[in-house]
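Q: sharing a model that was predicted from the sequence below.
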Amino acid sequence: MRDEDLPAVLACEQAGYTSPWSEGIFRDCLRVRYCCLVAETREMVVGHAVMSVAAGECHLLNLCIHPLFQRLGIGRRLLRRLLALARRQQADSAFLEVRLSNTGAIALYRGEGFDEIGVRKGYYPSAGGDSSRREDALMMARSL
C-alpha cells in the first residue's frame, strides 16, 4: 500500500465496513511502517490489510475485501501473505479481533489456525455509530 492507493483503499473500506477507518488512520499506519498491503485487479483495489509486528508478535489490525470480491480466496491470500511477512520479522504468534457477527471472517481465521482466546466487550462501534450500542469482538490467536 502506498499513499496513492488511499482513495481506492478508502472506497473499499467504506464498501466493506459499517464503521470504516479514516484516511488519517491509514496514513498513520503507513507513516509508522506497519505492514500495509493491497489486493488489486487490473481495474481496482479489491482488498487491503494492515498488520503491526513488534516484540515477537503480530497483530492483524485490518483485513477488508470489497463485498463484490468476497468469498474468492482474496482474504485468505492476504492473510497468508501477512503471516509469512510476520514470520520473516521473527514473530512467533499472531493476534486479531473480529466482530462476533462477522461469521465469514471467523470461519476464515479458524480455517487458518486461529483459536478463540477471549471476548472484548463493546469493542466495535455499532452500525450508524450509536455509542450506546456497541458490538463485542472475538479475540483470536495462533502460533506462527
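A: Yes, it's here.
Q: and the strands in this protein, which stretches?
A: 35-40, 45-54, 57-65, 93-99, 115-125, 134-143 (DSSP state E).
Q: run through who's touching the longest one.
A: Strand 115-125 is contacted from outside by 18-19, 95, 97, 99-100, 131, 134-142, using Cβ atoms under 8 Å, 6 or more residues apart in numbering. Quick note: C-beta positions are derived from backbone N, CA and C, even for glycine.
Q: give me the buried positions along that strand.
A: For strand 115-125, the neighbour count (16 or more other Cβ atoms under 10 Å) marks 123, 124 as buried.
Q: note down every partner strand of it and its orientation.
A: strand 134-143 (antiparallel) (DSSP bridges).
Q: what average pLDDT does the partner strand get?
A: The average pLDDT for strand 134-143 rounds to 96.
Q: so what touches it?
A: Contacts for strand 134-143 (Cβ under 8 Å, 6+ apart): 92-101, 106, 109-110, 112-126.
Q: export it as CSV, just CAs?
A: Coordinates of each C-alpha in strand 134-143 appear next as CSV, following Å, rounded to 0.1, in the frame of the first residue of the first chain:
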residue,chain,number,x,y,z
ARG,A,134,-21.6,-1.5,20.6
GLU,A,135,-20.6,-4.9,19.4
ASP,A,136,-18.3,-7.4,21.1
ALA,A,137,-15.1,-8.6,19.4
LEU,A,138,-13.9,-12.2,19.4
MET,A,139,-10.2,-12.2,20.2
MET,A,140,-8.3,-14.9,18.3
ALA,A,141,-4.7,-16.0,18.2
ARG,A,142,-2.4,-18.6,16.7
SER,A,143,1.2,-19.7,16.8
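Q: I'm done for today, thanks for sticking with me.
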